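K.L.:
Output the structure for:
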Amino acid sequence: MPNEKNKLYLFEALELRAEYDTRIKTLKDCLPESRKNRDRFSFSRDDDKRIQPSDEFDVKKARKQVRDWENKKRKLNSAIQKANFSHQVQYQGETIDLSEALEIRKGLNETIGELHSQIVDSSFQRVIYKEDRDIVEPNELSYTEAVKNLEESRLHFRELNRNIRLASFTVVVDYFDEK
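P.N.:
Got it, this is the predicted structure:
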């Protein structure tokens, strides 16, 4: 835990947000309206089968707990966003805030997927058999160039991702984990 009272490191805040998500999902899955929606899409539905909440489960209390967890998650998300906008990382010789770094990382990840497809496409040439001869269509992008582009993008992604992860162990989020 950070030394500052009522604060979390960014990596702890991200873990806590994931925990809030699972708590919300668990409680929502127990609510009657969620069960009805699941049953609507079930092929083995038994219309004669009726259910009621168990004696230990209070639907009203569960709905209130869901609202409470959703409220906590909103507040935590806000604190995480504030931390992301107020802290910087280095990337390719520039200082950028964490929110921008996260957007760049997302874009790099998409680019890596596109470059992967380019490599796969450029690894073979299309051969058309026409009038007793083969016509080979050249690739739009050379295989060597596609590999080079992918490797450059992977290195940029790795550099940025490492800086983001390092920041998650040093950046403090203004949120109290009530344990």
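
K.L.:
need the strands for this protein, in chain order.
P.N.:
For the chain, applying DSSP state E gives strands covering 8-9, 88-91, 94-97, 126-130, 133-137, 172-173.

K.L.:
Mind putting those strands into a markdown table with distance to residue 77?
P.N.:
Placement of C-beta: from N, CA and C, glycine included. As requested, these are arranged in a markdown table below (distance: least, CB to CB, whole Å):
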| stretch | distance to residue 77 |
| --- | --- |
| strand 8-9 | 13 |
| strand 88-91 | 20 |
| strand 94-97 | 17 |
| strand 126-130 | 48 |
| strand 133-137 | 50 |
| strand 172-173 | 10 |
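
K.L.:
out of these, deepest packed?
P.N.:
With neighbours defined as mean count of other CB atoms under 10 Å, those peak in mean count at strand 172-173, which reaches a mean of 22.

K.L.:
outside of that strand, which residues touch it?
P.N.:
2, 4, 7-10, 12-13, 76, 79-80, 82-83 (CB atoms under 8 Å, 6 or more residues apart in numbering).

K.L.:
Closest to residue 25 out of these?
P.N.:
Distances from residue 25 to these, taken as CB to CB, are shortest for residue 76 (15.9 Å).

K.L.:
my guess is the closest one meets residue 12, correct?
P.N.:
No. Between residue 76 and residue 12 there is no contact under CB atoms under 8 Å: 10.5 Å.

K.L.:
Can you pick out the residue with more neighbours from those two?
P.N.:
residue 76 (21 against 18; other CB atoms under 10 Å).

K.L.:
Could you pull up the contacting residues of that one?
P.N.:
Taking CB under 8 Å, 6+ apart, one finds 13, 16-17, 20, 173, 175 in contact with residue 76.

K.L.:
Out of these, name the two that are farthest from one another.
P.N.:
Top of the distance list for the contacts of residue 76 (CB to CB): 20 and 173, 13.6 Å.

K.L.:
could you dump stretch 53-70 to CSV, C-alpha only?
P.N.:
Output in CSV follows, covering the C-alpha atoms of stretch 53-70 (Å, rounded to 0.1, in the frame of the first residue of the first chain):
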residue,chain,number,x,y,z
PRO,A,53,-35.7,-16.9,-4.1
SER,A,54,-34.2,-19.0,-1.3
ASP,A,55,-34.8,-18.0,2.3
GLU,A,56,-31.3,-16.7,2.6
PHE,A,57,-31.4,-14.5,-0.6
ASP,A,58,-33.1,-11.1,-0.3
VAL,A,59,-33.8,-9.7,-3.8
LYS,A,60,-34.2,-6.1,-2.6
LYS,A,61,-30.9,-6.3,-0.7
ALA,A,62,-29.2,-7.8,-3.7
ARG,A,63,-30.4,-5.0,-6.0
LYS,A,64,-29.2,-2.4,-3.5
GLN,A,65,-25.8,-4.1,-3.3
VAL,A,66,-25.6,-4.0,-7.1
ARG,A,67,-26.3,-0.3,-7.1
ASP,A,68,-23.7,0.2,-4.3
TRP,A,69,-21.0,-1.7,-6.2
GLU,A,70,-21.8,0.1,-9.4
